[in-house]
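> Quick one, structure for this:
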Amino acid sequence: MAERPVADITVPSQDPKEKKKEEDKKLDTKANGVKDEEEELSEEDAQLKSELEMLVERLRELNTDLYRPALETLRTLIRTSTSSMTSVPKPLKFLRPHYPGLQELFETWPASENKSLFADILSVLAMTYSDTEPRGTLRYRLLSASLLPPTSKISEPGSWGHEYVRHLAAELGEEYTIRQEGEEAVPLPTAEADSDAPKSKPAPVPGTIEDLHNLGLECATFFLGHNAEPDAVDLFVELEIVDRIASLVDANTFGRVCAYMDRCVMLLPPPDDVTFLRTIHKIYLQFSKFPEALGVAIRLNDAALIRQDFNASGNPIMRKQLAFLLARAQIPIEWLKASASEDPDADAEDDFPEDILECLSNTQLSRHFKEFGKEVGVADPKSLEDVYKSHLETTRSGLSANVDSARANLAGTFVNAFVNAGFGNDKLMVEAEEGSSWVYKNKDHGMMSAAASLGLGLLWDTDVGLSHIDRYTYSPEEWIKAGAFLATGLLNAGVRTEADAALALLAEHVENKSVPLKIAAIMGLGVAYAGSHREDLLTLLLPAVADDSVSMEIAALSALALGFVFVGSGNGEITSTILQTLMERDDKALDEKWGRFMALGLALLYVGLQDASDATLETLKAIQHPISRQAQILVEVCSFVATGNVLRVQRLLHLCGEHLDALKEKEQAESAEAKKDENKDEKKEDKKPDDTFQSFAVLGIAMIAMGEDIGAEMSMRQFNHLMHYGDPIIRKSVPLALGLISASNPQLPVLDTLSKYSHDHDLAVALNAIFAMGLVGAGTNNARLAQMLRQLAGYYYKEPDCLFMVRIAQGLVHMGKGTIGINPFFSDRNIMSRPAVAGLLATIMAFTDAKAFVLDKYHWMLYFLVTAMYPRFLITLDENLESKPVTVRVGQAVDVVGQAGKPRTISGFQTHQTPVRLGTTERAELATEEFIPYAHVLEGFVILQKNPGWEKEDTMQM
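Predicted structure coming up:
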């Protein structure tokens with residue numbers, strides 16, 4: 001076998017020495033750095049460096065004629081130096097050592113155009129010294145501008161490149177802040193520029209605030225022209241001139257600017273967030289984006305702006321689209337009519353055309369909802385067994401015999417009402433025969449809820465609904481009659497009719513002698529007219545609040561009904577009456593469980609009004625009763641609902657951290673010498689109501705943090721801590737807060753947390769956690785949640801209260817057979833519906849003491865949720881408001897604010913034919929460009945217009 005060829009590899013013996021030489025070289029370089037740096041430079045760089053040094057020398061010579069060409073050349077060299085993005089441009093690197101010398105030289109020159117150009121160049125060089133000499137770039141930039149003769153104009157900041165403008169913008173912000181704080185803006189003397197220090201002291205950053213603003217405008221114009229909209233907005237925020245951005249945006253940039261500003265609103269302290277919203281509104285109007293502008297006006301809750309936006313569009317179809325938006329937000333129709341002060345126009349605008357009035361009043365909601373139900377295949381009524389699926393429960397048969405059948409039937413009432421809501425065809429109530437109606441399967445107060453469930457089954461259907469309810473209003477049984485009154489109110493929730501049936505039927509019974517009938521009439525009116533700000537209801541309900549002779553129950557519920565009707569109005573008359581009542585009622589009345597609803601009625605008047613509640617808060621402090629503290633917290637959290645205001649959350653956490661028992665022991669120890677017996681009695685009296693405020697503080701954290709994802713996530717962590725270390729009252733409230741913060745939005749972490757709490761050893765915590773599971777999954781048909789609730793039904797088969805609650809949660813999860821949600825945010829989760837917040841809060845308030853309300857005879861309070869219930873659909877209509885099926889893509893909404901280009905706004909989408917159901921965090925977009933939507937967000941009712949350019953494309957393909 002032939003021998004394989006072997007390669008000879010010769011290894012030179014010089015290798016180690018070579019390494020040694022290199023190391024020596026390195027040491028050498030460190031020793032005399034400058035010399036070797038020059039050796040390392042490429043020929044090109046060395047030439048550039050010597051040229052720059054020559055130019056610097058020229059500036060030091062006496063011949064002034066050489067200055068201008070030298071400066072011009074320097075400017076050109078700096079501007080044309082394109083190096084890699086990561087390293088400093090070569091000219092700046094080579095000129096850095098000369099900077100202190102050039103600064104001294106600059107001071108010696110007389111004022112001239114040359115000196116202005118010199119200052120401009122120094123301004124660029126100062127970027128390399130920004131760590132040791134702050135705001136040098138800005139100082140020389142302003143000096144350069146001040147040295148120019150009035151005839152000539154300084155070069156744009158953008159001509160020096162993007163990095164320079166960003167640097168300048170950063171220094172502008174710093175300088176402005178320093179001036180606002182009143183410090184003198186003097187560049188700090190440094191070791192390197194020591195000789196320069198005496199000269200720079202008298203020369204701080206020159207120019208007035210106005211000069212800073214003008215420079216800011218130049219920088220912002222550059223940013224807007226180079227796809228850096230967020231930088232422009234940030235600069236204006238620092239200079240406190242955000243409103244001026246409206247004049248700089250154009251058709252290409254306004255959308256991105258507004259989107260970024262919109263995202264910032266949540267993160268700003270009070271007066272600034274409103275300024276931002278008003279600026280966004282101004283920009284949208286400037287570009288005739290009426291739906292977007294109206295959305296912002298609704299968020300501002302400004303009646304004048306809403307009227308102006310609604311009347312701004314001359315296009316009748318656009319007005320119909322705006323009317324749908326107003327109806328969804330439940331804006332009072334009266335706001336759209338010109339007030340008496342603008343009388344001349346009043347006649348012209350007093351009556352809207354029939355079709356627009358229909359959109360504004362939501363009268364077609366029921367018809368469209370039923371059609372939607374047919375389309376998605378859920379029109380058939382569901383029986384209780386379809387919801388419970390008891391054959392899947394893990395209970396051992398024969399053991400559930402001891403369950404109270406009346407309690408089970410009562411639970412069935414609510415489940416049936418919530419599951420078949422709005423379809424008007426359930427078997428237990430609407431379609432039942434005269435004698436076999438479900439009403440008669442309940443006892444006493446159970447009958448009231450059963451009769452009231454009719455209103456939910458026929459929700460929004462005012463025509464058919466009243467005839468069904470009518471037969472129960474003549475019942476000899478008082479509870480059934482009361483239920484029928486409440487049903488009348490529920491039926492009309494969120495729908496306005498010319499007949500005003502609810503007011504006509506219920507007004508006379510507000511003064512009824514019978515307490516159940518009176519309460520049903522009052523709450524029926526409150527729910528039916530939630531958010532309508534109707535003055536005629538004020539005169540009807542206010543006397544009951546002020547009347548000392550009526551029970552606290554009726555006074556509190558009247559206050560709550562007024563809170564519903566005038567939600568977010570800040571009405572002075574109601575405020576003063578409720579405050580007066582709280583001051584004048586004796587302590588015994590205020591100690592009752594109803595006190596919290598009176599406080600809530602007051603708080604609802606201030607939903608979303610922020611600082612407008614200050615005077616009320618001050619007045620509340622004067623009331624010497626624990627209820628004062630409860631009311632203060634409620635008013636404050638309602639004022640700042642969904643603002644994400646960090647300071648308010650901190651204050652509430654502070655209140656939650658108080659351990660009242662420990663404090664009490666300490667006080668008792670201190671006041672041991674005082675009258676012991678009296679003290680003990682007082683303490684006992686105080687103890688129960690005194691910690692209710694902590695429960696409201698926990699709910700308050702959820703109220704302020706909801707509507708904004710980061711805040712909501714942070715609050716979850718706080719709730720976790722409160723659950724570990726809080727007192728029983730706090731632990732009881734945490735599940736409710738979780739339910740409030742993610743209503744109809746079943747995220748896994750929340751579900752797992754609530755599932756854990758639903759097995760808590762404290763049954764009050766477990767009960768609230770089960771209800772919260774219902775809120776979180778409301779109307780989502782979430783299979784995982786349904787499975788958890790079935791397990792709980794088996795787990796609590798011996799606990800009638802908890803089992804009752806499990807059933808109700810099951811009803812909530814399948815609300816409207818999965819088509820109705822209770823999340824108070826709509827229009828891409830940007831706009832908050834105030835009546836929805838009122839309904840959610842009132843329902844949750846009943847659970848802060850479940851034993852006294854929901855588990856007692858006030859279970860009808862669960863129906864407060866009606867004001868928050870709304871179909872989660874997208875229905876596309878043609879210009880005649882008839883349904884028009886088109887293909888849409890539905891997927892999880894993605895936040896694309898501030899991203900470059902045109903990224904996808906949804907991920908993981910599926911293509912459907914409209915009408916479609918949208919989840920809380922989902923978003924839809926049209927699959928083709930065949931139609932142009934009038935609305936800016938595809939949600940609810942959207943009117944489409946044929947795209948005129950579409951056919952041409954089709955024919956081109958052929």
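
> The stretch 1-150 of the chain: helices as residue ranges?
Here the stretch 1-150 of the chain has its helices, by DSSP state H, counting those that start in this stretch, at 15-31, 33-40, 43-60, 67-80, 90-95, 99-108, 113-125, 136-147.

> So for M703, what's the pLDDT?
Reading off the confidence values, M703 has pLDDT 95.

> elements contacting the helix or strand that contains it?
Assigned by DSSP states H and E, M703 falls within helix 692-705. For helix 692-705, the elements it packs on are helix 626-639, helix 646-656, helix 709-725, helix 728-741, helix 834-847, judged by 3 or more C-beta pairs under 8 Å, 6 or more residues apart in numbering; DSSP states H and E. Quick note: C-beta positions are derived from backbone N, CA and C, even for glycine.

> Wait, F909 touches R889, no?
Yes. Look at F909 against R889 with C-beta atoms under 8 Å: they come within range, at 4.1 Å.

> hmm, back to that, with respect to G314, which of the helices and strands packed on helix 692-705 lies nearest?
G314 sits nearest to helix 834-847 of all those, at 29.5 Å, using C-beta to C-beta.

> Mean neighbour count, the helices of the stretch 1-150 of the chain: which tops it?
Among the helices of the stretch 1-150 of the chain, helix 136-147 has the highest mean neighbour count (mean count of other C-beta atoms under 10 Å), at a mean of 23.

> any idea of the mean pLDDT in that one?
pLDDT averaged over helix 136-147 gives 87.

> ok now it, how far from the chain's centre?
Relative to the centre of its chain, helix 136-147 is centred 42 Å away, using C-alpha atoms, centre = their mean, to the nearest Å.

> Extract the C-alpha set from it and format it as CSV.
Extracted in CSV, the C-alpha atoms of helix 136-147 (Å, rounded to 0.1, in the frame of the first residue of the first chain):
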residue,chain,number,x,y,z
GLY,A,136,-22.6,74.7,25.7
THR,A,137,-24.3,73.7,22.4
LEU,A,138,-27.3,75.8,23.3
ARG,A,139,-25.3,78.7,24.6
TYR,A,140,-23.3,79.1,21.4
ARG,A,141,-26.3,78.5,19.2
LEU,A,142,-28.2,81.4,20.9
LEU,A,143,-25.0,83.6,20.8
SER,A,144,-24.7,82.9,17.1
ALA,A,145,-28.2,84.0,16.5
SER,A,146,-27.8,87.2,18.6
LEU,A,147,-24.6,88.3,16.8
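
> quick one on the thing from earlier: now the helices and strands packed on helix 692-705 in CSV, please, with extra columns for mean neighbour count, distance to R917 and mean pLDDT.
Formatted as CSV, the helices and strands packed on helix 692-705 follow (neighbours: other C-beta atoms under 10 Å; distance: least, C-beta to C-beta, whole Å; pLDDT from 0 to 100):
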stretch, mean neighbour count, distance to R917, mean pLDDT
helix 626-639, 25, 31, 94
helix 646-656, 17, 34, 92
helix 709-725, 16, 22, 91
helix 728-741, 25, 22, 94
helix 834-847, 26, 18, 95
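
> Would you reformat those helices as TSV and include distance to R75?
TSV is the format used below for the helices and strands packed on helix 692-705 (distance: least, C-beta to C-beta, whole Å):
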stretch	distance to R75
helix 626-639	56
helix 646-656	47
helix 709-725	46
helix 728-741	58
helix 834-847	59
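
> G777 is nearest to which of those?
Among the helices and strands packed on helix 692-705, helix 728-741 sits nearest to G777 (C-beta to C-beta), with 9.6 Å.

> what's the angle between the helix or strand just after the closest one and helix 709-725?
Sequence-wise, the next helix or strand downstream of helix 728-741 (DSSP H and E) is helix 748-757. If you take axes from the mean of the first three to the mean of the last three C-alpha atoms, to 10 degrees, helix 748-757 sits at 20 degrees to helix 709-725.

> which helices and strands does helix 748-757 pack with?
Counting by 3+ C-beta pairs under 8 Å, 6+ apart, helix 748-757 packs on helix 709-725, helix 728-741, helix 763-776, helix 783-795.

> I808: which of those is closest?
helix 763-776 (6.2 Å).

> Just list what the closest one packs against, helices and strands only.
helix 728-741, helix 748-757, helix 783-795, helix 800-813, helix 834-847.

> Which positions within it qualify as buried?
Within helix 763-776, the residues scored as buried using 16 or more other C-beta atoms under 10 Å are 764-776.

> of all these, which comes closest to L458?
Checking those against L458 by C-beta to C-beta gives G774 as the nearest, at 22.1 Å.

> so who does the closest one touch?
739, 808-813 (C-beta atoms under 8 Å, 6 or more residues apart in numbering).

> same thing with A737?
Counting by C-beta under 8 Å, 6+ apart, A737 touches 698-699, 701-702, 715, 719.

> how far away is R135 from L71?
According to C-beta to C-beta, to the nearest Å, R135 and L71 sit 23 Å apart.

> which stretch among the helices and strands packed on helix 748-757 comes nearest G373?
Between G373 and the helices and strands packed on helix 748-757, the tightest spacing by C-beta to C-beta is seen for helix 783-795, at 19.8 Å.

> Of the helices of the stretch 1-150 of the chain, give the one that comes closest to A408.
Proximity to A408 (C-beta to C-beta) singles out helix 136-147 among the helices of the stretch 1-150 of the chain, at 75.2 Å.

> Name the residues that touch the closest one?
Residues outside helix 136-147 that contact it (C-beta under 8 Å, 6+ apart): 111-113, 115-117, 119-120, 122-124, 126-127, 129-130, 154, 157, 164, 167-168, 171-172, 175, 187, 203-207, 211, 215.

> I'd say T914 and R889 touch.
No. The criterion here is C-beta under 8 Å, and T914 misses it with R889 at 11.1 Å.

> ok, those two, which is more surrounded?
More neighbours surround T914 than the other of T914 and R889, with 23 against 17 (other C-beta atoms under 10 Å).

> low pLDDT regions in the stretch 401-550 of the chain?
The stretch 401-550 of the chain contains residues with pLDDT under 70 at 401-404, 434-436.

> Mind doing that once more with 80?
401-404, 431-437 (pLDDT under 80).

> What segments of the stretch 451-600 of the chain are helices?
Using DSSP H, counting those that start in this stretch, the helices found in the stretch 451-600 of the chain span residues 462-473, 478-491, 501-506, 515-528, 535-546, 552-565, 572-584, 587-591, 595-604.

> Same question for the shortest one: list its buried residues.
This means helix 587-591. Using 16+ other C-beta under 10 Å as the test for burial, helix 587-591 gives 589-591.

> Can I get it as CSV, trimmed to CA atoms?
Extracted C-alpha coordinates of helix 587-591, given in CSV (Å, rounded to 0.1, in the frame of the first residue of the first chain):
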residue,chain,number,x,y,z
ASP,A,587,-75.2,59.4,64.0
LYS,A,588,-77.6,56.5,64.3
ALA,A,589,-78.9,57.0,60.8
LEU,A,590,-75.4,57.5,59.4
ASP,A,591,-74.3,54.3,61.1
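
> Please state the mean pLDDT value computed over that helix.
88.

> Repeat that for the last one.
Mean pLDDT, computed over helix 595-604, is 94.

> what helices or strands is that helix leaning on?
With contacts taken as 3+ C-beta pairs under 8 Å, 6+ apart, helix 595-604 sits against helix 552-565, helix 572-584, helix 626-639, helix 834-847.

> Beyond that helix, next helix or strand please.
Sequence-wise, the next helix or strand downstream of helix 595-604 (DSSP H and E) is helix 614-621.
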